[in-house]
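K.L.:
Predicted model follows, preceded by the sequence.
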Amino acid sequence: MNMGTSMSKKGEHNYSATVVWTGNSGDGTKNYRAFSRNHEITCGNKPIINGSADPAFLGDSSRYNPEELLLSSLSACHMLWYLHLCADAGITVSNYTDNAEGRMIETNNGSGHFDKVMLKPIVNIGADDDSELARSLHDKAHSFCFIANSVNFAVECEAEIRCG
């Protein structure tokens, strides 16, 4: 059984995911346009994530693509660290929305890579909370983010802090 995550020894966390290609329309990968890029992602008993490729690579625009999932992972990890740090610092966050953006560059050989991600969180904090401290905690969250620490491209943050 796929458990999704487990802890083996102190400080070590192991994760698992199952990705199943569901896009065989009968001829398999006979040619590049003969198959769908659709697939399903599962982690244990959690709901299925319907995936595909980016439409630029013949994917289904109604499904999540790996690039969107990478961007979402960076955004979510930053947010979770930020909320933790605000709670520890006595800052009350009442709302947090990130409109993250990422840029992937295709190379001449057909491969590609992300070269930049910009997180753009809009954070509402309590009227009496320290907005400068709230702003500075984004830097600390970034330094702690497991996902940002695992990628080889720039992850930047332009946060907007709203009091009240």
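P.N.:
Right, received. Where do you want to start?
K.L.:
Is the closest residue to residue 58 other than its chain neighbours in a helix, a strand, or coil?
P.N.:
The shortest distance from residue 58 to any residue that is not its chain neighbour, by C-beta to C-beta, 6 or more residues apart in numbering, is 5.9 Å, and that residue is residue 37. C-betas here are computed from N, CA, C, even on glycine. The assignment at residue 37 comes out as coil when based on DSSP: H, G, I helix; E, B strand; the rest coil.
K.L.:
same question, residue 31
P.N.:
Per three-state DSSP, the secondary structure class of residue 31 is coil.
K.L.:
thinking again about what came up before, correct me, but the residue nearest to residue 58 touches residue 57?
P.N.:
Yes - the pair residue 37 and residue 57 passes the contact test of C-beta atoms under 8 Å, sitting 7.0 Å apart.
K.L.:
ranges for the helices of this protein?
P.N.:
Listed in chain order, the helices found in the chain under DSSP state H are 66-89, 131-144.
K.L.:
Could you export these as TSV, including mean pLDDT, mean neighbour count and distance to residue 152?
P.N.:
As requested, the helices of the chain are exported to TSV (pLDDT from 0 to 100; neighbours: other C-beta atoms under 10 Å; distance: least, C-beta to C-beta, whole Å):
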stretch	mean pLDDT	mean neighbour count	distance to residue 152
helix 66-89	98	18	12
helix 131-144	97	17	15
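K.L.:
Just put those in a markdown table and tack on distance to residue 31.
P.N.:
Putting the helices of the chain into a markdown table (distance: least, C-beta to C-beta, whole Å) gives the following:
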| stretch | distance to residue 31 |
| --- | --- |
| helix 66-89 | 22 |
| helix 131-144 | 44 |
